[in-house]
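Chemist: Predicted model and sequence follow; I will ask about them next.
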Amino acid sequence: MSAGGIRELPNRLAEKIEPEPTSGCWLWVGHVMSNGYGQAWSLGRVTTAHRAIYETLVGPLEHSRVVLDHRCK
């Protein structure tokens, strides 16, 4: 995703993202769970930050077993 996509997010999510200057990867600076995953409120529930951002920008995931690239690969 490009940095332009950040502007399409609600402020509550966008303010918790810092683009890494060299790669442009989006670094989550909001709440991080003990397992290292970012956590966010989205669509009326608490979920991982990478799922919340994907669902906000792209749309709902078909099922919870969909694997998203969340390590900037």
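Modeler: Arrived safely. Numbering: from 1, shown residues only.

Chemist: So the spatially most central residue of the chain, which state does it fall into?
Modeler: Nearest to the geometric centre of the chain sits residue 50, at 3.1 Å (C-alpha atoms, centre = their mean). With DSSP: H, G, I helix; E, B strand; the rest coil as the basis, residue 50 sits in helix.

Chemist: residues contacting it?
Modeler: Contact analysis of residue 50 by C-beta atoms under 8 Å, 6 or more residues apart in numbering lists 28, 37, 38, 68, 70. The way it works is simple: take the backbone N, C-alpha and C, and place the C-beta from them, glycine included.

Chemist: do the same with residue 62
Modeler: Per C-beta under 8 Å, 6+ apart, neighbours of residue 62: none.

Chemist: where does it fall, phi/psi-wise?
Modeler: Main-chain dihedrals, residue 62, degrees, to the nearest 10: phi -60, psi -40.

Chemist: do you know how far it is from residue 55?
Modeler: From residue 62 across to residue 55, the span is 11 Å (C-beta to C-beta, to the nearest Å).

Chemist: so where does the residue of the chain most remote from its centre fall, helix or strand?
Modeler: If you look at how far each residue of the chain sits from its centre, by C-alpha atoms, centre = their mean, the farthest one is residue 22, at 18.9 Å. Secondary structure assigned from DSSP states H and E places residue 22 in neither a helix nor a strand.

Chemist: Over to residue 56?
Modeler: Assessed by DSSP H and E, residue 56 sits inside helix 49-57.

Chemist: Could you list the buried residues of that helix?
Modeler: Using 16 or more other C-beta atoms under 10 Å as the test for burial, helix 49-57 gives 49, 50, 51, 52, 53, 54, 56.

Chemist: ok, for residue 37, nearest residue in space, not its chain neighbours?
Modeler: Nearest-residue entry for residue 37: residue 48, 4.9 Å, with adjacent residues in sequence omitted and distances by C-beta to C-beta, 6 or more residues apart in numbering.

Chemist: Fine by me, thanks again.
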